[in-house]
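# kindly return the folded structure for what I paste below:
(chains A and B)
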Amino acid sequence: MNTIIRSTARCLRAGAAAVYLPVRAGARVWSASPPRRLLCAAADLQKDLGAMVKKDKVVVFMKGTPAQPMCGFSNAVVQILRMHGVDQYAAYNVLDDGELREGVKVFSNWPTIPQVYFSGEFVGGCDILLQMHQNGDLVEELKKLGIHSALLNAEKESK
Amino acid sequence: MAETADHIRDKLIEELAAVHVDVEDTSPNRCAASFKVLVVSSQFEGKPLLQRHRMVNTCLAEELKEIHALEQKTLTPEQWEKQKSQ
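Here you go, the predicted structure:
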């Protein structure tokens, strides 16, 4: 907590443009240690989110991690993706970062978590992903991303 | 919470011209104020899922500031009839 207060004070004194230091460069999952993001970086967060959602084909903002979801809806998203064989994706834990949690809602203009992005485009939350899974749309959307759904293999095997 | 459920139902009927609305208070099963809604409206005709959900989100913008989670099912009257007969 003290490092955040001290570095915030430094930023205000310096009057410099916000310095946004990602916790681990290139990391797929936000680590649990306090982020070094400064108060004046809200606008930078929106810009970063723009880059974050495009960096990977499948991006999920969730509560907890794919290994340990901390909410039923976030868990549902993880499970659905897993059923389709999608285990490699960027997952950002909003519980680690209050600014990210609020910032992503503003960015997506969507009020709740989890939030799913395919190729930089907002897909929806748990409900929408579930309905897409049930009506076959998810397999199609994954195909467009160049991802072959595991469920297609399961179908082939049963025929 | 019953008042909030009724309030949500009334708002959805009024703003989306919904012909059928079910509002279920799922808060007891979740960590905070949560609702599950089924909205049937011809205004959803021809609109993709995401757009329909955004319409509901816009309608309930004030309530969503307090609500923790909102599960939605959005159907057109035709889809709803089909679902009922299944």
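# residues in contact with A:Gly64?
A:Gly64 is in contact with A:Met70, A:Cys71, A:Ser74, A:Asn75, A:Asn93, A:Leu95, counting by C-beta atoms under 8 Å, 6 or more residues apart in numbering or on different chains. Yep, even glycine has a C-beta here, placed from its N, CA and C like the rest.
# which SS state does the fourth one fall under?
Going back to what we said before, that points to A:Asn75. helix (DSSP: H, G, I helix; E, B strand; the rest coil).
# could you pull out the helices in the chain for me?
You didn't pick a chain, so chain A it is. A:2-14, A:42-55, A:72-83, A:98-108, A:126-134, A:137-144, A:150-158 (DSSP state H).
# not quite, I wanted chain B
B:2-16, B:49-59, B:61-64, B:77-84.
# single out the most deeply packed of the ones you listed.
Among these, the stretch with the highest mean neighbour count (mean count of other C-beta atoms under 10 Å in any protein chain shown) is helix B:49-59, at a mean of 18.
# how close does B:Leu64 get to A:Trp110?
Remark: distance between B:Leu64 and A:Trp110 (C-beta to C-beta, to the nearest Å) = 10 Å.
# next one: A:Lys47
Going from A:Lys47 to A:Trp110 by C-beta to C-beta gives 18 Å.
# same deal with B:Trp80?
For B:Trp80 relative to A:Trp110 (C-beta to C-beta), the value is 25 Å.
# neighbours around the residue nearest to B:Leu70 when sequence neighbours are not counted, how many?
In this structure, B:Leu70 finds its nearest non-sequential neighbour in B:Phe35, 5.6 Å apart by C-beta to C-beta, 6 or more residues apart in numbering or on different chains. By the criterion of other C-beta atoms under 10 Å in any protein chain shown, B:Phe35 has 24 neighbours.
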